[in-house]
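Undergrad: build me a structure from this.
(chains A, B, C and D)
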2 protein chains.
Amino acid sequence: MSQVAGRQQYAAHVALTLRQRNRLSAIHRIMDTAIDLFDQRGYSGVTIEEIAAASGVSPRTFYRYFGTKEGLFTADPYAAVGVDLYTDQLDLDDLPGSLRRVIALIGAPEGEDHTAWRGMRYVMEEPSVRAAVYASLDREADRLTALLRERGAGPAKARVTARAYWFGVYFGSLEQWHLDGRTRPVLDYVDEALTVLTGQA
Amino acid sequence: MSQVAGRQQYAAHVALTLRQRNRLSAIHRIMDTAIDLFDQRGYSGVTIEEIAAASGVSPRTFYRYFGTKEGLFTADPYAAVGVDLYTDQLDLDDLPGSLRRVIALIGAPEGEDHTAWRGMRYVMEEPSVRAAVYASLDREADRLTALLRERGAGPAKARVTARAYWFGVYFGSLEQWHLDGRTRPVLDYVDEALTVLTGQA
DNA sequence: CAGCAAACTGGCAGCAACTGTCAATAAGGC
DNA sequence: GCCTTATTGACAGTTGCTGCCAGTTTGCTG
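TA: Numbering: from 1, shown residues only, chains lettered A, B, ... in the order given. Next comes the predicted model:
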C-alpha cells in the first residue's frame, strides 16, 4: 500500500514527541523537495547530495531516513510512529474488500496534483524505483501468505493467492489506471481486476 | 524463465561464429566462477573486480556482458544468440501447459548440484538479486499482457492474468519448492499452484 | 590470401550511491 | 537546571557502474 503512495497526512491523532514530530516533518519536507527536483531534472539527474542540501539536511541523514534513493518512494513515514494502516483494514475472509479499503484509504484519486500521487509516475516509469516497490510488494505478499496459512490455507493456495493479489490486482490496477491517464477512478480498475481473479462478473 | 536459472546447455544445435562461441564460453566461465566465489564468501563479500580477475577478464568486459552484478542471474546467454526459448513454448490457449513446458525445459530438478540451479539460492535469499529477477518477471509479464490483448482479452484480464502467472504461479512455485528443500519435483508445485488459479482440483 | 571494416576488449578516469566512525548537539527524564 | 540518551553532521573510504579511446581480433571481400 504505502509503498506506492506512502506520503499521507492521515493519522495525525497519535501523540507524538517533539523528536518524532521533527523527524516526520523532515521526512515530508525531503520527499516533497525531492519530487520537485525530479520533476525538474529527472530522477537520475538529481543527486542525493542535492536533495539533502535543498532540504536543509545532511546527506548522511537522508540515508538514515530512507536507506536508499528509492526509499523515498517506499518509506512509510507512519511505520516509524507505529501506525500500521494496512493491518487495520485487513479481513482475511474478504480480501477483495480489504484491498478496496486500502486503496480508498490511500487518498482520493481525483486531482492530478494530490501530493500523495505525485510519486506514482516515478514508481511506474523509473526502473530502480519500480524494483524497490516490487520489493515492498514482496514483503507484503509474504506477510499475507503467513496470515493465510495461519487460517488453515495450504502453502500453495496461500502463496499464490497473496502474490496474485499484490502483484496482479493491486499493482496491476494502479498501473493500468496510470497508463490510462488517471481519468476514471482507481477503484473501477480494482473492481475489474478482482473479477478476473474471483471469476464472477 | 531464464531469469531464475538462465545458465543452460541446451540449444547447442545453433550455428555459431567464433566470436559468439568465445563470448558464450566466457559468459559461462564467468557465471561459474562467480557462483564459486559467492559460495565461498557470500554474495556481497565478492567484488566484481575479483570475479573478473578470477575469470581472466577485465572488469569492463564483465559489465559489457552482464550490465550489473545481478545481471549474472538474469542474463540469458542464448538471447545474445537469438534463441528465444520462451516464445517457442508459448501457447496462448493453454497457459498452464506453456508454463509447465518452460519449467520442464529449464532443467531436470533432480540433482542439487545441477549447474543450472546453483544460483537459485541467491535469487531467493539475496535481496538485490531477487529484485533483479522481479524486473525480469515484470518484462515477461508485460510481453504476455500484450500478447493476450492481441488475442482479444480486455486490459484488466490480460494484465492480471499475466502477472498472476509469472509472479504468483511461476515464482511462487519455485520459491515454495526452494523453501521445502528441493525434495519433491518442481512440477508438482507448479501443478498445485495452477489449480489455485484455475480453480479446478 | 591479403587487406579492410567492424566488432570486441582492456585500461583509465570519474561520478554517485552507500557505509562506518566519531565528535557535537539537541531532547526529555530527574 | 543537570545528565543520560537519542539524533545529527562531517569525514573518509569502498564499490558499483559509465564514458572514452586506443589496441586487438575476427570475419568478410576482392
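Undergrad: please make it C-alpha for all contacts and neighbour counts, starting now.
TA: Will do.
Undergrad: chain B contacts on chain A?
TA: Contact residues (CA under 8 Å from any CA of the partner chain) of chain A with chain B: A:131-132, A:134-135, A:155-157, A:159-164, A:167-169, A:172-173, A:176, A:189, A:192-193, A:196-197.
Undergrad: what separates residue A:72 from residue A:27, distance-wise?
TA: Residue A:72 sits 9 Å away from residue A:27, going by CA to CA, to the nearest Å.
Undergrad: ok so, going back, among the residues of chain A next to chain B, which are in strands?
TA: Among the residues of chain A next to chain B, none falls in strands (DSSP state E).
Undergrad: count the neighbours of residue A:33 for me.
TA: By other CA atoms under 10 Å in any protein chain shown, the residues close to residue A:33 number 18.
Undergrad: tell me the pLDDT at it?
TA: Looking at residue A:33, its pLDDT stands at 95.
Undergrad: need the contact list for it.
TA: By CA atoms under 8 Å, 6 or more residues apart in numbering or on different chains, the contact list for residue A:33 reads A:51, A:54, A:55.
Undergrad: neighbour count for residue A:72 and residue A:27, which is higher?
TA: Taking other CA under 10 Å, residue A:72 and residue A:27 do not tie; residue A:72 has more neighbours (27 against 21).
Undergrad: work out for me the element residue A:37 sits within.
TA: helix A:18-41 (DSSP states H and E).
Undergrad: tell me the helix or strand right after that helix.
TA: Under the assignment DSSP H and E, the closest C-terminal helix or strand after helix A:18-41 is helix A:48-55.
Undergrad: downstream neighbour of that next one in the secondary structure list?
TA: Sequence-wise, the next helix or strand downstream of helix A:48-55 (DSSP H and E) is helix A:59-66.
Undergrad: buried residues of that following helix, list them for me.
TA: For helix A:59-66, a neighbour-count test (16 or more other CA atoms under 10 Å in any protein chain shown) marks A:59, A:62, A:65, A:66 as buried.
Undergrad: quick check, that helix touching DNA strand D?
TA: Yes - Helix A:59-66 reaches DNA strand D (CA under 7 Å from any atom of the strand) through A:60, A:61, A:64.
Undergrad: any idea how chain A splits into domains?
TA: A:2-81, A:85-198 (automatic domain parsing).
Undergrad: make CSV out of these and add distance to residue B:86.
TA: What follows is these, written out as CSV (distance: least, CA to CA, whole Å):
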stretch, distance to residue B:86
domain A:2-81, 31
domain A:85-198, 21
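Undergrad: residue B:46 is nearest to which of these?
TA: Closest of these to residue B:46 is domain A:2-81, at 21.1 Å (criterion: CA to CA).
Undergrad: which residues touch the nearest residue to residue A:184 once chain neighbours are set aside?
TA: Distances taken as CA to CA, 6 or more residues apart in numbering or on different chains put residue A:177 closest to residue A:184, at 7.5 Å, once the chain neighbours are dropped. By CA under 8 Å, 6+ apart, residue A:177 lies in contact with A:183, A:184, A:185, A:186, A:189.
Undergrad: can you redo the residues you listed as JSON lines with neighbour count?
TA: Formatted as JSON lines, the contacts of residue A:177 follow (neighbours: other CA atoms under 10 Å in any protein chain shown):
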{"residue": "A:183", "neighbour count": "13"}
{"residue": "A:184", "neighbour count": "13"}
{"residue": "A:185", "neighbour count": "12"}
{"residue": "A:186", "neighbour count": "21"}
{"residue": "A:189", "neighbour count": "20"}
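Undergrad: what subset of the residues you listed is also close to DNA strand C?
TA: Among these, no residue is within reach of DNA strand C (CA under 7 Å from any atom of the strand).
Undergrad: where does the prediction get shaky in chain A?
TA: Across chain A, the ranges flagged by pLDDT under 70 are A:1-15, A:77-85, A:106-116, A:200-201.
Undergrad: give the buried residues for stretch A:148-166.
TA: Burial within stretch A:148-166, assessed by neighbour count using 16+ other CA under 10 Å, is assigned to A:148, A:155-166.
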